[in-house]
Structure formats: structure tokens, C-alpha cells
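*Asks:* sequence and predicted structure below; questions after.
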Amino acid sequence: MESVIEIENSTSFPEIPSSFKEMSELSRNCVIAYCILFVTAAAGNVTVFCSIMKKLKHCKSRISILILHLSVADMLVTFFVMPMEIIWRITIQWYGGDLLCKFCQFFRAFGLYLSSMIVICVSIDRYFAIIYPMKLVGAARRVNITLTCSWIFAVIFALPQVIHRNTHYLSL
């Protein structure tokens, strides 16, 4: 028989299993890995971002703009998704409520979608640069269109995280 915790307003909830009260070895190893990846990604992405920003003052090439957007998307993952994963692993359970859960889940999906889609934009640009090396007319416009589509589709694909009604909070 399952033990039950009584709350002041006489609502009862099943007791949390002891395996969910303590950090597992797997979670501890994930926290260590995420911390190492966080430091590495933060240093790399901030360096790339600053370097590209300096370069854009003098020359706005297509690839520089693409790398800048990729750097922004990767910084979103680095400074939002990774710390969120670390905190969830350390605290073991979610304390933020439904609204914050949806907000965090949206940005978690958005950052990963955006980063992936901008890599696709770089691939499309490089494809056209190799197949049609002399056709530069319209290349800048194509890059702007693909980047705009990437941002829009990342928002659209991440929206189900906000719309979906969670009956249980995130599990580790």
C-alpha cells in the first residue's frame, strides 16, 4: 500500500519515492558534463560573437551574418538551456510552477530548433556558393529569407511546449 502525505487543506498526495529525493550517480555525472560543456561553449560562443561583431563593422559578408546568427542561437542554448538542465538535475524536482515550466520548455525547444535551422541556412548558402559560384545576385536576399524563416519556424515548432497542458512536471 502506498503511503500518503496529508496537506493542511486535507488534500492528499502520494509520497515521493526516495529514489526521487536524492541525486543519482547518472544525474551527478550529467551535472559535471553540463558544467564542462557550459564553460567551453560560453567561452567559444562569446569569443565568436565578439569577433564577428567587430568584423561586421567593416564588412558584412553573408557567411559572417550566418555565423553571427548561429552564435546567437548557440548562446541561447548555452546560457539558457544548459543552466536550466543543471538546475533541474541538482534540485531533482521542479519547483517553478506550470507557467515557468512552459516558459522554460519553450526556450529549451526554441534554442535547439533555432540552432539546427541556422546550420541548415549555412548549408543552403554553401550549396548555392558551390553549385552557382558566379551567381551572387540575390544571395544576400536568400540568406535574409532563410534566416527569417529559421527564426519564425523555431518559434512555431516550439509553441506546442506552451500550448500543451502538462499534467506532470518534467522528469529527470
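*Replies:* Yep, that arrived.
*Asks:* how about stretch 65-74: buried residues?
*Replies:* Residues of stretch 65-74 classed as buried: Ile65, Leu66, Ile67, Leu68, His69, Leu70, Ser71, Val72, Ala73, Asp74 (neighbour count, 16 or more other CB atoms under 10 Å). Yep, even glycine has a C-beta here, placed from its N, CA and C like the rest.
*Asks:* spatially central residue for this structure, please.
*Replies:* Nearest to the mean C-alpha position of the chain, by CA atoms, centre = their mean, lies Gly111 at 3.0 Å.
*Asks:* name the helices or strands packed onto the top helix by length along the chain?
*Replies:* With secondary structure taken from DSSP state H, the chain has its longest helix at helix 97-131. With contacts defined as 3 or more CB pairs under 8 Å, 6 or more residues apart in numbering; DSSP states H and E, the packing partners of helix 97-131 are helix 62-76, helix 82-91, helix 139-158, helix 160-163.
*Asks:* distance from the chain centre to the shortest one, please.
*Replies:* This means helix 160-163. 15 Å (CA atoms, centre = their mean, to the nearest Å).
*Asks:* closest one to Arg126 among the helices and strands packed on helix 97-131?
*Replies:* If you check each of these against Arg126 by CB to CB, helix 62-76 wins as the nearest, at 8.3 Å.
*Asks:* if I look at Lys54, how far off is Ile63?
*Replies:* The gap separating Lys54 from Ile63 is 15 Å, by CB to CB, to the nearest Å.
*Asks:* whoops, Ser150 was the one
*Replies:* Distance of Ser150 to Ile63, given as CB to CB: 15 Å.
*Asks:* now swap in Gln93 and tell me
*Replies:* Taking CB to CB, one finds Gln93 at 44 Å from Ile63.
*Asks:* does Leu136 count as helix, strand or coil?
*Replies:* Under DSSP: H, G, I helix; E, B strand; the rest coil, Leu136 falls in the coil class.
*Asks:* what about it, neighbour count?
*Replies:* Leu136 sits with 11 neighbouring residues when counted by other CB atoms under 10 Å.
*Asks:* and it, how far from Asn144?
*Replies:* Applying CB to CB, one obtains 14 Å for the distance of Leu136 from Asn144.
*Asks:* ditto for Val162
*Replies:* From Val162 across to Asn144, the span is 27 Å (CB to CB).
*Asks:* Ile90 too?
*Replies:* On the measure of CB to CB, Ile90 and Asn144 end up 41 Å apart.
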